[in-house]
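Chemist: Return atomic coordinates for the entry below.
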Amino acid sequence: METMSITEVGIYTVEDLHAYREQRDDMTVQLIEGELIVSPSPGVSHQVVSSELFLVLASTVPDHLRVLAAPLDLRAGERTVVQPDLMVVPRTLVDGSEVTDPPVLAVEILSPSSRRTDLVRKPEVLGLFGVEHYWVVDPQHPAIRAFQLVGDTYESRQIVEGADLFDTEVPFPVSFRPADLAR
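Modeler: Numbers count the residues shown, from 1 in each chain. Below is the predicted model:
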């Protein structure tokens, strides 16, 4: 198979995404508005925070919800397939190869290679797709920023750093300290 160039923006399809992934199993490959976004696989600190936050969320979600972890595609449009690090979805979602309805919550854990995508590109497409809650966690400088959808864009609702307590009632009650996720 011919190697694909990722310099052309806005022309790739979901089929192109799957073909490219077959060639690059050492990378995370997503499709945002027709542009292939290629980044290295997550590092250890990223995965530590992801697994710790998964445990926190899984122990607090209401019975009608469940937490799913990447890699799992969220198809947010004809030319957009992203992989949030964590998603909270209805418990009725039990099969299929991708999530096709907006999750209750999408969470991204920042990596040096994904900062711009996670802070700019993904919120744009997730907001338009209707994901009501979007959290961004920084493992290098332990912090969480919680966004809530207003119209089709996100407003920052809460920023909590270090050993301070992140405490929220939406989309469900949960509290934790960002610093505890990196231990």
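
Chemist: tell me the contacts of residue 126?
Modeler: Contacts for residue 126 (C-beta atoms under 8 Å, 6 or more residues apart in numbering) come out as 76, 82, 84, 102, 106, 134. Every C-beta, even on glycine, is put in place using the N, C-alpha and C of the backbone.

Chemist: Tell me where the chain has helices.
Modeler: Along the chain, counting by DSSP state H, helices occupy 14-23, 44-60, 115-116, 122-129, 178-181.

Chemist: quick one, which of these is nearest to residue 168?
Modeler: Residue 168 sits nearest to helix 44-60 of all the helices of the chain, at 10.4 Å, using C-beta to C-beta.

Chemist: which among the contacts of residue 126 gets closest to residue 170?
Modeler: Set against residue 170, the nearest of the contacts of residue 126 by C-beta to C-beta is residue 134 (11.9 Å).

Chemist: picking up where we left off before, okay, the helices of the chain in TSV with distance to residue 89 and mean pLDDT next?
Modeler: Output for these, formatted as TSV (distance: least, C-beta to C-beta, whole Å; pLDDT from 0 to 100):
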stretch	distance to residue 89	mean pLDDT
helix 14-23	20	81
helix 44-60	11	97
helix 115-116	25	88
helix 122-129	13	96
helix 178-181	21	98
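
Chemist: would you turn these into TSV with distance to residue 158?
Modeler: What follows is the helices of the chain, written out as TSV (distance: least, C-beta to C-beta, whole Å):
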stretch	distance to residue 158
helix 14-23	33
helix 44-60	15
helix 115-116	20
helix 122-129	15
helix 178-181	11
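
Chemist: Quick one: low-confidence residue ranges for this structure.
Modeler: The model of the chain has pLDDT under 70 over residues 1-10.

Chemist: which residue is nearest the middle of it?
Modeler: Compute the mean C-alpha point of the chain, and by C-alpha atoms, centre = their mean the closest residue is residue 84, 2.0 Å away.

Chemist: Which residue comes closest to that residue once chain neighbours are left out?
Modeler: What sits nearest to residue 84 in space, not counting adjacent residues and going by C-beta to C-beta, 6 or more residues apart in numbering, is residue 106, at 4.0 Å.

Chemist: so that neighbour makes contact with residue 134?
Modeler: Yes - the pair residue 106 and residue 134 qualifies as a contact (C-beta atoms under 8 Å) at a distance of 5.3 Å.

Chemist: Overlap of the contact sets of the two?
Modeler: Counting by C-beta under 8 Å, 6+ apart, the shared contacts of residue 106 and residue 134 are 122, 126.

Chemist: And the two? Which one has more around it.
Modeler: When neighbours are counted by other C-beta atoms under 10 Å, residue 106 comes out ahead of the other of residue 106 and residue 134, with 28 against 22.
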